[in-house]
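> here's a sequence, model it:
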Amino acid sequence: MYKALFNQRKALRFRYFSRKGYALFACLGRVVTIGVLSIATLRAAAATTTDTLSVVGASVGGDFVANIPDKEATLDDVEVTGSRAPLALGQAARMVTVLSREEIQAAPVQSINDLLKYTVGVDVRQRGPIGAQTDVGIRGGTSEQITILLNGINICDPQTGHNAFDLPCDLSDIERIEVLEGPAGRVYGTSSLMGAINVVTRRNEKGERRNEKWEGAARLEGGSYGYLSTAGRIALTSKLLPLTSQLSASYTRSDGYQRAKSGALNSDYSGGKVYYQGGYDTKDIRIDWHAGLSMKGFGSNTFYSAKFDEQYEKTTKIYTAIKGEAKGWFHLSPSVYWNRSHDRFELIRGSEDKVPFNYHRTDVLGINLNSYFDWQLGRTAVGAEFRNEDIVSGNLGEPLNKPIPISGTDRDYLYGLNRSNLSFHLEHNILLSRFTLSAGFLAIKNTWNQMPFTIYPGIDASYRIGNNWKVYVSYNESLRMPSFTELYYSVGGHKADKYLKPEELRAVEGGVKYAGLWLTMKASMFHHHCRNMIDWILDPTEAEPIWKSVNYTKVNTLGVEASATLNLEQLLHIKRSSFNIQYCYMDQDKAGTGDIQTQSTLEYLRHKLVAQLQLHLIAGLDLGVKYRLQKRTGNYTTNAGEVKPYHTYNLVDARLSWNADTYSIYMEANNLFNKKYVDYGNVQQPGTWLTAGVKYNINLW
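Here you go, the predicted model:
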């Protein structure tokens, strides 16, 4: 970024200039001329972003009239990852939706999965609540077709996308969530066919390090269906050394909202998380590291087969990473990460003698080197990544030469697969006063199926019109490698194909955005052309129908998105209040579908409407109400064998909270009007779910 330089000095800031009798300039009884005043403006956008601008103006009759300069300064602006080189949110050529910490803390949700429901371009298909198992897709895509990142580190599980959001951190650990809609291969590599979601955790910055201190926070909440959740967090900021450390832990459990035919639990949940994050930051170098553990077990009722209502799954995931950055004119940012995942699936809970359990262990090792530098023609980024994916399993992969014992059992892993991905990227950004151009390519080679080097280009451009308007257009190509499940899952009425080709996507998008003092609006139109789409299909005309994984068809998607946000604090002077409405429409055209049934690609949200109202009532009392309407295409088969279409449903969630400096007491209601609906297949979702809780913050030292 090209950052303006300012002398650091304390400034007295006047936040309101109005025609009130008690206004500062009005009470002077004269016209006051102001030269240059440095102020912070809070823009009403999808995320809270603070820019420092030089504003020239004068007070005329008690009103402050400002002239905003053409060049957009980016000092203290939030950097987002919509390109290989970090750009400020105001400079980014692509639109990146950012959920801020304030939005996250005010939402009536118990997991990140639930939070993403309120992003209009994201499709959250729940099989179970509290984040038990959720498939998250973007713009008509599946859970396999997006990249999930933790602080910019790829944490995707190559076994399956069903458990991709088993994050090790609690909601209170999160600083913001960035959602990049549309193909992101040029930025994040394989798996980012339809987009990417980057979860950024909290970190005490250098500017906050005035004294050595210990900060702590605790949360306790309970509610319907035996729900109980508790979490704690502690953070240390050093006075002598540029070090920060943070440790958090949480535990959640629930009896579940339904029972099996036998009366046994089949939608229960129990899980815990531990997350450590550290940092070292000086003027020359910055190093960040994290280590996390996520463990959970949940009743899977009829998640994978309508014939069995006592399924169960247990997952354990370990995340480690270290990331550095050498500052200066040449920014060098290497990172190394290792993720491990254990998965155990029980078709009949606790009855391995009837149906053997499925065991899988996945290891992912990655080395990433990214760099960027500024010069006369803009900002250039270049780098490479090596990623190795390995699985040992009871039924996925090729036969192992030597069986590997499964810890805690008398069984062995008999199958496995190892593949490596090597990629190189080059990107250049032209940053002018009103125009941003970002162009580059990704070159990828994967050892699986002898894939040759393939290039995927992309270009994004945006232009700022006046002080409030921005238009943008982009063209990008991306790919997605098949998961191990799609390649080798050939049991229980399924037949996989180990010779599947990678999915590929070409996308064009254009849009416009308006950002005013009290109103923000944006609208976009996009077209996706996918080929070699992977799906599980069933042909009912066959003598013995069976689900097969195939490169099924070509898919064309045409969609429009629009949103508007009213900043009620600026418009009506109601503190901490806003109203937001979003709408997305999509239409998919698939070649050669006929009577063939599919498990995912024919099931997408044609209509999605989200409305959110946040109101500050009195003193510390706040009310948040969120409304969601969804219409999904496609059909599903009931337990009785009846084929039914997905029906339109609408839900209302609410949160009432009393917020003080050190504590918060709140009540939440999900599905307030007890609507009956399904998100995936015939898995019925819970009715009204009530939660009450308290959060407490304390300075321990």
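> phi, psi of I665?
phi -120, psi 130 (degrees, to the nearest 10).
> relative to H360, how far out is it?
Going from I665 to H360 by C-beta to C-beta, to the nearest Å gives 42 Å. In short, each C-beta sits where N, CA and C put it, glycine included.
> neighbour count for those two, which is higher?
H360 (26 against 15; other C-beta atoms under 10 Å).
> what element comes up after the strand or helix carrying the more buried one heading to the C-terminus?
Using DSSP states H and E, H360 maps to strand 358-375. The element immediately downstream of strand 358-375 (helix or strand, assigned by DSSP H and E) is strand 378-393.
> all helices for this structure, in order.
Secondary structure of the chain (DSSP state H): helices at 24-28, 101-106, 112-115, 185-188, 484-488, 568-571.
> what residues does the last one touch?
It refers to helix 568-571. A44, L517, W518, L519, I574, K575, R576, S577, S578, F579, L615 (C-beta atoms under 8 Å, 6 or more residues apart in numbering).
> adding distance to K608, write those residues out as a markdown table.
Putting the contacts of helix 568-571 into a markdown table (distance: C-beta to C-beta, whole Å) gives the following:
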| residue | distance to K608 |
| --- | --- |
| A44 | 22 |
| L517 | 28 |
| W518 | 26 |
| L519 | 22 |
| I574 | 28 |
| K575 | 30 |
| R576 | 26 |
| S577 | 24 |
| S578 | 20 |
| F579 | 18 |
| L615 | 24 |
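> dump the residues you listed to JSON lines, plus pLDDT, neighbour count and distance to F303.
What follows is the contacts of helix 568-571, written out as JSON lines (pLDDT from 0 to 100; neighbours: other C-beta atoms under 10 Å; distance: C-beta to C-beta, whole Å):
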{"residue": "A44", "pLDDT": "32", "neighbour count": "22", "distance to F303": "41"}
{"residue": "L517", "pLDDT": "91", "neighbour count": "13", "distance to F303": "48"}
{"residue": "W518", "pLDDT": "93", "neighbour count": "14", "distance to F303": "45"}
{"residue": "L519", "pLDDT": "95", "neighbour count": "15", "distance to F303": "43"}
{"residue": "I574", "pLDDT": "88", "neighbour count": "15", "distance to F303": "44"}
{"residue": "K575", "pLDDT": "88", "neighbour count": "9", "distance to F303": "44"}
{"residue": "R576", "pLDDT": "87", "neighbour count": "13", "distance to F303": "39"}
{"residue": "S577", "pLDDT": "93", "neighbour count": "21", "distance to F303": "40"}
{"residue": "S578", "pLDDT": "94", "neighbour count": "22", "distance to F303": "37"}
{"residue": "F579", "pLDDT": "97", "neighbour count": "16", "distance to F303": "37"}
{"residue": "L615", "pLDDT": "95", "neighbour count": "16", "distance to F303": "38"}
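> and these, which of them are in strands?
L519, S578, F579, L615 (DSSP state E).
> what about stretch 182-194, how long is it end to end?
From the first residue to the last, stretch 182-194 extends over 5 Å; the measure is C-alpha to C-alpha, to the nearest Å.
> quick one: low-confidence ranges for the stretch 101-250 of the chain?
For the stretch 101-250 of the chain, the stretches with pLDDT under 70 are 204-213.
> can you map out the strands along it?
Here the stretch 101-250 of the chain has its strands, by DSSP state E, counting those that start in this stretch, at 122-128, 133-138, 146-150, 153-154, 174-181, 195-201, 213-223, 227-237, 243-254.
> nearest to I322, of the ones you listed?
Nearest to I322 among the strands of the stretch 101-250 of the chain is strand 153-154; the distance by C-beta to C-beta comes to 9.5 Å.
> elements contacting that closest one?
Counting contacts by 3 or more C-beta pairs under 8 Å, 6 or more residues apart in numbering; DSSP states H and E, strand 153-154 packs against strand 311-326, strand 330-346.
> good, we can wrap up now.
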